[in-house]
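>>> this one's sequence-less:
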């Protein structure tokens, strides 16, 4: 008997192709729509939006349902998505009032509620999603989340409900709502990738930082706490030099810091991923010294 006859045949393990982000979001949506909690919440009097967001939150925090971390984070985003888009629209309206000097105390209170209840929680959910799906480009993430909004929350959008009531619902409204959602989502994902990049640059520079920020601290402009000169200093991370400059001019105690990054900074270390969500370690090292120097400047101005 030859060696070949007695040697067992070893088959190569079959590679399981990982599902794309769009496929995972589709799976999550179908699972969400079939979940009994969704129907129970609707029967109890919750609106469709409330039922979807509450069910998504329940599923995102459950440990024994077999969801991957990415799927849990997708559910976490869905649990705030409908409220975020409408809250951001309202916040933009009040921002215009503020710029025109027409913002009342009632408006300020409402703005604070929107930030604490809808805007900040969504941003934090986006940040967690970036951690598990950093191979996505920003354009892919923005498009996927806009698609999710249109699938799950379009009929619940206040603009759509008003048009249905007025009998003015047409194709132009679909484009308007879709573009509105895309714009709001894009601003959020850009801000969150800059926050993630700030953490990467601080780590590359060997600077201690703490990203555990309360909703109250976040609402006051604290995105991170950085340990400098034997004390913890908060910083308000800005995605553009102009936004940092405006914040510093507006408040004498502001610690607004531009990351020093632009869209091309997220193209990957070798330019192999256009408009990505994270910096490579090499890129973080490259930008870190200038970023830390800007933090020193605003902390001691």
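Thanks, I have it. What you are looking at is a predicted structure, and each value in this text was computed from that prediction instead of being measured. Numbers count the residues shown, from 1 in each chain.

>>> how close does the nearest residue to residue 137 once chain neighbours are set aside get to residue 212?
When the adjacent residues along the chain are set aside, residue 137 lies closest to residue 275, with 5.1 Å between them (C-beta to C-beta, 6 or more residues apart in numbering). Yep, even glycine has a C-beta here, placed from its N, CA and C like the rest. Between residue 275 and residue 212 the computed distance is 29 Å (C-beta to C-beta, to the nearest Å).

>>> between the two, which one's more packed in?
In this view residue 275 and residue 212 are compared by other C-beta atoms under 10 Å, and residue 275 has more residues nearby, 19 against 7.

>>> which ones are touching that one?
137, 138, 139, 263, 266, 267 (C-beta atoms under 8 Å, 6 or more residues apart in numbering).

>>> Residue 32 and residue 57 touch, don't they?
No. Contact between residue 32 and residue 57 fails when scored by C-beta atoms under 8 Å: they sit 10.8 Å apart.

>>> any shared contact partners between those two?
Overlap between the neighbourhoods of residue 32 and residue 57 consists of residue 75, taking contacts as C-beta under 8 Å, 6+ apart.

>>> More neighbours: which of the two?
In terms of neighbours (other C-beta under 10 Å), residue 32 is the more surrounded of residue 32 and residue 57; the figures are 21 against 17.

>>> Over to the more buried one. Which of the three states is it?
Using DSSP: H, G, I helix; E, B strand; the rest coil, the structure places residue 32 in helix.

>>> Please apply the same query to residue 254.
Reduced to three states with three-state DSSP, the structure at residue 254 is coil.

>>> Report the buried members of the contacts of residue 275.
Neighbour counting by 16 or more other C-beta atoms under 10 Å classes 137, 138, 266, 267 among these as buried.

>>> Out of these, which two are the most distant from each other?
By the measure C-beta to C-beta, the buried ones among the contacts of residue 275 have their two most distant members at 138 and 267, which lie 10.8 Å apart.

>>> which residues are common contacts for these two?
With C-beta under 8 Å, 6+ apart, residue 138 and residue 267 have common neighbours 275, 276.

>>> all strands for the stretch 151-300 of the chain, in order.
For the stretch 151-300 of the chain, strands defined by DSSP state E, counting those that start in this stretch occupy the ranges 209-210, 224-228, 231-238, 256-258.

>>> Give me the mean pLDDT for the third one.
Along strand 231-238, the predicted local confidence has a mean pLDDT of 93.

>>> Could you do the shortest one as well?
In this model, strand 209-210 has an average pLDDT of 94.

>>> What helix or strand is residue 103 located in?
Assessed by DSSP states H and E, residue 103 sits outside every helix and strand.

>>> That one is in contact with residue 94, isn't it?
Yes. In this structure residue 103 lies within contact range of residue 94 using C-beta under 8 Å: 6.3 Å.

>>> Can you list the buried residues in the lengthiest helix in the chain?
Taking DSSP state H as the criterion, the chain has its longest helix at helix 171-205. Burial within helix 171-205, assessed by neighbour count using 16+ other C-beta under 10 Å, is assigned to 173, 177, 180-186, 188-202, 204-205.

>>> What is it packed up against?
Identification of packing neighbours for helix 171-205 by 3 or more C-beta pairs under 8 Å, 6 or more residues apart in numbering; DSSP states H and E yields helix 69-99, helix 120-132, helix 138-153, helix 158-166, strand 209-210, strand 224-228, strand 231-238, helix 281-299.

>>> could the ones you listed go into TSV alongside distance to residue 21?
As requested, the helices and strands packed on helix 171-205 are arranged in TSV below (distance: least, C-beta to C-beta, whole Å):
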stretch	distance to residue 21
helix 69-99	8
helix 120-132	10
helix 138-153	6
helix 158-166	26
strand 209-210	28
strand 224-228	27
strand 231-238	25
helix 281-299	22
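
>>> Of the ones you listed, which is nearest residue 40?
Counting by C-beta to C-beta, residue 40 lies closest to helix 69-99 out of the helices and strands packed on helix 171-205; the figure is 16.5 Å.

>>> Kindly calculate the angle that the closest one makes with helix 171-205.
110 degrees (axes from the mean of the first three to the mean of the last three C-alpha atoms, to 10 degrees).

>>> Which secondary structure elements does helix 69-99 sit against?
Using 3+ C-beta pairs under 8 Å, 6+ apart, the elements in contact with helix 69-99 are helix 21-34, helix 48-60, helix 105-114, helix 120-132, helix 138-153, helix 171-205.

>>> Cool, thanks, talk later.
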